[in-house]
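Engineer: Dropping a prediction and its sequence here:
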Amino acid sequence: MLVKTFSSAVYGIKATTITIEVNISSGTQYFIVGLPDSAIKESTFRVESALHSAGLRMPRQKIVINMAPADIKKEGSAYDLAMAIGILAASGQINAHKLDKYLLLGELSLDGSLQAIKGALSIAIQAQKEGFKGIVLPAINAREAAVVGDLEVYGLENISEVIAFANEEKTFDRIFVDTKAEFLNNANNYDTDFADVQGQENIKRALEIAAAGGHNVILIGPPGAGKTMLAKRLPSILPPLSLSESLETTKIHSVAGKIAASSSLMTIRPFRAPHHTVSDVALVGGGGNPQPGEISLAHNGVLFLDELPEFKRSVLEVLRQPLEERQITISRAKFTVDYPASFMLIASMNPCPCGYYNHPDKDCVCSPMHVQRYLSKVSGPLLDRIDLHVEVTPVNFQELTAKQRAESSKTIRSRVIQAREMQEQRFKREDKMHNNAQMNTKKVRELCKVNAAGQTLLKNAMEKLGLSARAYDRILKVARTIADLDGNPEIEVHHLAEAIHYRSLDREAWAG
């Protein structure tokens, strides 16, 4: 008897429906065809043990399972449930009439319980597009899939419950998630706040500018100056995620298996801080079965690279293309996977190996050559993609013990949102531009015009401060954002002066 069940495979962040065709005939052998990997071939033992645990039997006949389309490689153990139910239906042990309306997903334990899968949200979205009535999957993934409101989602604990569902012996509660309510209730629920940071007003101002324009930032300062503490608070002043951004971010984390069982949506902007020992594959994604890397997990949020010069040079260099294209393409012999990677980069570093170059109180023991060698670990092309270079100095005792509470993230965020709204209007006819940091050279020339006094200031800055030519466009972009924060349609001289101040590492005299 031939029976078809349906499951799904995730490639990148998109799902593809897989048809599981089970045919049982006379004989004794067991075949799985359709490019299965080792995890799928090993499913024979998991399925047989799970069926015995449910009080059923594995047919002692010839079983052929085809996974269609047969030219796509199938990987992972999420097909266990669909194959087990297909075998039971083909052998006449359960009723199969409603199986063609549902996707079945889940890894089987030997006792028949269902283990978590990855990519439940992507799978549910694709199931809805293809007209499936619902999806049956492990309970731990149910809320994640139930974000797709028009789809019946049943989160079950074991294969016995799935059999009862197929035979209509028991009624199970459909999982409901009020997507909009959950999104609104949990949006901007950050654990950190700029109000906790005493002093460092100039650094907060720089981060406000970065958030308003989507600019990348590098913080340079001695140990203990507060670089990491400030960086961790950056997401709290970024504009709230839109619902579409939330769904896209959730899909990426779902594919990576990073969604908690109690949650269904990513409602706050992600903050990823990989250790400096991270590999290039872990950072950008990849592997035999390609998975999203840290830059994709930071999509619509912040990627924080602490102690930037300690990262391997090869790791830093792979960031250059994603920073420009805002996506990463992973190519394999038979397929190509695209992961979105639109993130804000914030990096921090010491100014020298000992950490105390330019420190107001402590002496640096590094020679100019050692300082320059340390700074040169970060390449010019990477620095070229970082708009703001900010020097962080230690907080003095008076600021640290001041009783006056600092400005809250909520207050700062309100100004950032206003500036972003101006940019949305400015770029409403552009497909791939949403903020000032994304402007290309043509748009910079068109939208960042300065008067004669501003041109004179830029000319003097280039000559007297030894600024590099590559700094010119970056200064104009940052000046445009500063003007937006002021609500000014024109770039004034003081906007340019502040933007020039944020190009420390472009100065030829910096670090000797």
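Structural biologist: Structure's in. What do you need?

Engineer: If you count neighbours, what's buried in stretch 57-75?
Structural biologist: Neighbour counts over stretch 57-75 (16 or more other CB atoms under 10 Å) mark 58-59, 63-67, 72-75 as buried. The way it works is simple: take the backbone N, C-alpha and C, and place the C-beta from them, glycine included.

Engineer: Could you do stretch 127-139 as well?
Structural biologist: Neighbour count says stretch 127-139 has 127-128, 132, 134-139 buried, by 16+ other CB under 10 Å.

Engineer: Including secondary structure, distance to G27 and pLDDT, could the residues you listed go into CSV?
Structural biologist: Listed next are these as CSV, based on DSSP: H, G, I helix; E, B strand; the rest coil; distance: CB to CB, whole Å; pLDDT from 0 to 100:
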residue, secondary structure, distance to G27, pLDDT
A127, helix, 34, 96
Q128, helix, 39, 95
F132, coil, 33, 96
G134, strand, 35, 95
I135, strand, 33, 97
V136, strand, 30, 97
L137, strand, 32, 96
P138, strand, 33, 96
A139, helix, 37, 94
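
Engineer: Could you list the low-pLDDT ranges of the stretch 251-400 of the chain?
Structural biologist: 333 (pLDDT under 70).

Engineer: Would you map the strands across it?
Structural biologist: 271-272, 285-286, 291-292, 302-305, 327-331, 336-340, 344-349, 388-391 (DSSP state E, counting those that start in this stretch).

Engineer: and the gap between the spatially most central residue of the chain and F343?
Structural biologist: The centre of the chain sits closest to L297, judged by CA atoms, centre = their mean, with a distance of 2.2 Å. According to CB to CB, to the nearest Å, L297 and F343 sit 9 Å apart.

Engineer: so what sits against both of the two?
Structural biologist: Common neighbours of L297 and F343, using CB atoms under 8 Å, 6 or more residues apart in numbering, are R272.

Engineer: Work out for me the element K443 sits within.
Structural biologist: Per DSSP states H and E: K443 is located in helix 441-447.

Engineer: Which elements pack onto that helix?
Structural biologist: The contact analysis (3 or more CB pairs under 8 Å, 6 or more residues apart in numbering; DSSP states H and E) places helix 441-447 against helix 471-485.

Engineer: which strands and helices sit next to the helix it packs on?
Structural biologist: helix 201-213, helix 409-426, helix 441-447, helix 452-464, helix 493-501.

Engineer: deepest of those, which one?
Structural biologist: The highest mean neighbour count among the helices and strands packed on helix 471-485, using mean count of other CB atoms under 10 Å, belongs to helix 201-213: a mean of 23.

Engineer: Can you pull out the residues in contact with that one?
Structural biologist: Residues outside helix 201-213 that contact it (CB under 8 Å, 6+ apart): 194, 197, 215-217, 219, 226, 230, 233-234, 237-238, 344, 346, 387-388, 390, 392, 406-407, 412-413, 415-416, 419-420, 423, 435-437, 477-478, 480-482, 484-485, 502.

Engineer: Tell me how far stretch 163-178 lies from the chain's centre.
Structural biologist: In terms of CA atoms, centre = their mean, to the nearest Å, the centre of stretch 163-178 is found 33 Å from the chain centre.

Engineer: Mean confidence (pLDDT) on it, please.
Structural biologist: The pLDDT scores in stretch 163-178 average 92.

Engineer: List the buried residues in that stretch.
Structural biologist: Neighbour-count burial for stretch 163-178, with 16+ other CB under 10 Å as criterion, is recorded at 163-166, 175, 177.

Engineer: Also stretch 426-439?
Structural biologist: 426-427, 433-439.

Engineer: picking that back up, possible to save the buried residues of stretch 163-178 as TSV with distance to G12?
Structural biologist: Listed next are those as TSV, based on distance: CB to CB, whole Å:
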residue	distance to G12
I163	33
A164	35
F165	31
A166	31
I175	26
V177	24
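
Engineer: I am finished for the moment; much appreciated.
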